[in-house]
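Novice: Below are the sequence and a predicted model for it; my questions follow.
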Amino acid sequence: RKEVEQDPGPFNVPEGATVAFNCTYSNSASQSFFWYRQDCRKEPKLLMSVYSSGNEDGRFTAQLNRASQYISLLIRDSKLSDSATYLCVVRDTGRRALTFGSGTRLQVQP
Amino acid sequence: DTGVSQNPRHKITKRGQNVTFRCDPISEHNRLYWYRQTLGQGPEFLTYFQNEAQLEKSRLLSDRFSAERPKGSFSTLEIQRTEQGDSAMYLCASSLALEATEGYTFGSGTRLTVV
């Protein structure tokens, strides 16, 4: 079983739609959680950290459920520019290394 | 440019040759990381430095791989006797230790093709 699992997609949605991605992680000792965005043939870029209480950044909302070991990302009012691969990322307690999921591809269509 | 810089951007090499990549982190960042990414997968951790000390290495880092950060600034990743399976994007990232929940800043990567 992979340490971080994501639905690879692709998710094809129209502009303006709301889309949600889910991610599960296997290590209950995971301490820090992030969503990264990666455009085709580019480096990953930090989208947002995920906090236990949930957090929002503009059109993006991230939630963490430690009991179920589940992380989500909600994107409201999708833009064409949101088309990318979204990587779910965890860091285990006591480690500096990040563990990445394989990513979920989003394609927003006009 | 104040981001993470990696050189070269692309490298094509014949199987069995040695290659070396360089990473220049953001200047005030004391942590430096190397990752490898293949098509359709997320980045996989290779190794991590705090200043000049190599503190963590993945089991993915076979004895053909070596990384250094001699003065706690730039880092090099060398792959000896390259194999076709080494073909991947090699990503360097840096972060600042004082940030409690820090994410990384990645460089643009070095794309290695072994033929």
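Specialist: Thanks, I have the structure now. These numbers were taken from a predicted model, which means no experiment stands behind them. Numbers count the residues shown, from 1 in each chain, chains lettered A, B, ... in the order given.

Novice: center of chain B - which residue?
Specialist: Nearest to the mean C-alpha position of chain B, by CA atoms, centre = their mean, lies residue B:34 at 3.1 Å.

Novice: Report the buried residues of stretch A:71-89.
Specialist: Buried residues in stretch A:71-89, counted by 16 or more other CB atoms under 10 Å in any protein chain shown: A:71-73, A:75, A:78, A:82-89. C-betas here are computed from N, CA, C, even on glycine.

Novice: what about that stretch and chain B, any contact?
Specialist: Yes: counting by CB under 8 Å from any CB of the partner chain, contacts between stretch A:71-89 and chain B involve A:87, A:89.

Novice: now the end-to-end length of that stretch.
Specialist: From its first residue to its last, stretch A:71-89 covers 9 Å (CA to CA, to the nearest Å).

Novice: how far does it sit from the chain's center?
Specialist: 7 Å (CA atoms, centre = their mean, to the nearest Å).

Novice: Not counting sequence-adjacent ones, nearest residue to residue A:33?
Specialist: Among residues not flanking residue A:33 along the chain, residue A:50 sits closest, at 3.9 Å (CB to CB, 6 or more residues apart in numbering or on different chains).

Novice: Also residue B:56?
Specialist: Nearest to residue B:56 is residue B:48, by CB to CB, 6+ apart, at 4.4 Å.

Novice: wait, what's in contact with that neighbour?
Specialist: Contact analysis of residue B:48 by CB atoms under 8 Å, 6 or more residues apart in numbering or on different chains lists A:96-97, B:31-34, B:54-57.

Novice: host element of it?
Specialist: In the assignment (DSSP states H and E), residue B:48 maps to strand B:44-50.

Novice: Pull out the buried residues from that strand.
Specialist: Judged by neighbour count (16+ other CB under 10 Å), strand B:44-50 contains these buried residues: B:44-50.

Novice: Generate JSON lines for the residues you listed, with pLDDT as supplementary columns.
Specialist: Converted to JSON lines, the buried residues of strand B:44-50 look like this (pLDDT from 0 to 100):
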{"residue": "B:44", "pLDDT": "96"}
{"residue": "B:45", "pLDDT": "95"}
{"residue": "B:46", "pLDDT": "96"}
{"residue": "B:47", "pLDDT": "96"}
{"residue": "B:48", "pLDDT": "93"}
{"residue": "B:49", "pLDDT": "94"}
{"residue": "B:50", "pLDDT": "92"}
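
Novice: Which residues of chain A lie near chain B?
Specialist: For chain A, the residues in contact with chain B (CB under 8 Å from any CB) are A:4, A:8, A:32, A:34, A:36, A:42-46, A:49, A:87, A:89, A:95-103.

Novice: filter those residues to the buried ones?
Specialist: With burial judged by 16+ other CB under 10 Å, the buried subset of the residues of chain A next to chain B is A:4, A:32, A:34, A:36, A:43-44, A:46, A:49, A:87, A:89, A:95-103.

Novice: List the backbone torsions phi and psi for whatever residue of chain B ends up closest to chain A.
Specialist: Residue nearest to chain A within chain B (CB to the nearest CB): residue B:42, separated by 3.0 Å. With angles defined as degrees, to the nearest 10, residue B:42 sits at phi -80, psi 170.

Novice: what sits against it?
Specialist: Contact partners of residue B:42, counting by CB under 8 Å, 6+ apart, are A:4, A:87, A:89, A:100-103.

Novice: Residue B:92: which of the residues you listed is nearest?
Specialist: Closest approach to residue B:92 among these (CB to CB): residue A:100, at 15.0 Å.
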